[in-house]
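**Student:** Just to be clear, the model below is a prediction. Sequence and coordinates:
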Amino acid sequence: MKFCCAMPQNKSFFNCCTCLSKDGLLDESEVDVSTYGTFIDNPIKQYFGRASVNRNSRTTQDKNMSEKLKVIVFLSSARVGESYLGNGSWGDRVGGVIKEVLDDADFEVSVWDPKANPYQVLQQPMHMIKDTSVFPQWMHDKKAELESADAFFICSAEYNSVLPPALTNMLDHYPPAAYKHRPVALVTYSVSPLGGVRVQPALKTLVTELGMLPIPTIGRVAQVRDKFVDDILKDEGVRQSMTKQAKELSWYARALKTYKADTPMPS
Ligand SMILES: Cc1cc2nc3c(=O)[nH]c(=O)nc-3n(C[C@H](O)[C@H](O)[C@H](O)COP(=O)(O)O)c2cc1C
């Protein structure tokens, strides 16, 4: 289809595109850029010039938009049994709500719980030794799962103002290449009114070092014990905040996934 747009003087580029796409007329893959070039000055020409590269890329984009995004939720606590703070880990409850929210947002969710996987205290990360056959098969499978994830979500406690060792121990086993160029959402929690806020800078440093991209909205669950009754979340504000994070995470993951499909990642 040949398509040309004589943009009225008083209409901005965005107005013009918005009304066209709303009417279903805007299909960049069918725009004849040269026709545009004769009518319209640089910004719009550049837009369509870029967007009209080829039909295959549009097909890839459609596929990427319809596929479920794979997200891994990392828990941080290895605490089990009774303590003065209640039964087991509060992170399990918070992580459970994160999983529900991500399920509702149509992610394919996998939860990595340090209690469920028998990690030793780190002896060697997988990428730092030659003979990787010394690692059990489940760790190779986990590495492959990391590599194929579209996004990450970390649910972290605060232990003595820093990161819980079970979390860093689990993450440190794998190479940064297995995490990089994927967005990550962060939630911290604690029994105190601070909600783990002191650990957030360390958490951002860690994920950035591993090559993940932290999304802008960061979550905090203060006085976590008061937020649950019989392990059921009673504070809708917590769920709303996580829902906002899930939407943001999905946006970043789709944007990166779509772009990466056509553009090789820098090594
Ligand atoms: C070793 C340890 C250190 C802790 N340090 C802090 C802390 O620095 N700040 C805080 O607010 N709570 C701290 N707490 C209390 C935690 O907020 C609380 O135990 C929380 O339930 C930990 O998460 P978990 O139950 O998932 O392990 C600490 C707890 C432990 C076990």
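**Tutor:** Done, it's in.
**Student:** Around the ligand, pick out the residues from this protein.
**Tutor:** With CB under 6 Å from any ligand atom as the criterion, the chain meets the ligand at residues 77, 79, 85, 89-91, 157-161, 190-192, 194. Every C-beta, even on glycine, is put in place using the N, C-alpha and C of the backbone.
**Student:** got the domain boundaries for this structure?
**Tutor:** Split into domains by automatic domain parsing, the chain comes to 13-53, 65-262.
**Student:** CA atoms only: put stretch 83-92 into CSV for me.
**Tutor:** Backbone C-alpha positions of stretch 83-92 (Å, rounded to 0.1, in the frame of the first residue of the first chain) are rendered in CSV as follows:
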residue,chain,number,x,y,z
SER,A,83,11.6,-18.9,65.8
TYR,A,84,10.7,-15.8,67.8
LEU,A,85,9.6,-14.3,64.5
GLY,A,86,7.0,-17.0,63.7
ASN,A,87,7.1,-20.1,61.6
GLY,A,88,9.6,-20.4,58.8
SER,A,89,10.5,-17.6,56.4
TRP,A,90,8.4,-14.5,55.9
GLY,A,91,10.0,-14.3,52.4
ASP,A,92,8.0,-17.4,51.5
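**Student:** show me the residues around M126 that make contact.
**Tutor:** Contact analysis of M126 by CB atoms under 8 Å, 6 or more residues apart in numbering lists T132, F135, M139, K143, H173, Y174, P175.
**Student:** Need the residues you listed in CSV (columns: pLDDT and neighbour count).
**Tutor:** Output for the contacts of M126, formatted as CSV (pLDDT from 0 to 100; neighbours: other CB atoms under 10 Å):
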residue, pLDDT, neighbour count
T132, 95, 13
F135, 97, 16
M139, 97, 17
K143, 98, 19
H173, 98, 23
Y174, 98, 19
P175, 98, 17
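**Student:** Go through these and say which is closest to the ligand.
**Tutor:** Nearest to the ligand among the contacts of M126: H173, at 20.1 Å, using CB to the nearest ligand atom.
**Student:** Which residues does stretch 80-92 contact?
**Tutor:** Stretch 80-92 has contacts (CB under 8 Å, 6+ apart) with 75-79, 113, 115, 155-157, 189, 191, 224-225, 228.
**Student:** which among those end up buried?
**Tutor:** Among those, those classed as buried by 16 or more other CB atoms under 10 Å are 75-79, 113, 155-157, 189, 191, 224, 228.
**Student:** buried ones in the host helix or strand of Q240?
**Tutor:** Assigned by DSSP states H and E, Q240 belongs to helix 236-262. Residues 238-239, 241-243, 245-246, 249-250, 252-254, 256-258 are the ones in helix 236-262 that count as buried (16+ other CB under 10 Å).
**Student:** distance between it and the chain's centre?
**Tutor:** The chain centroid and the centroid of helix 236-262 are separated by 6 Å under CA atoms, centre = their mean, to the nearest Å.
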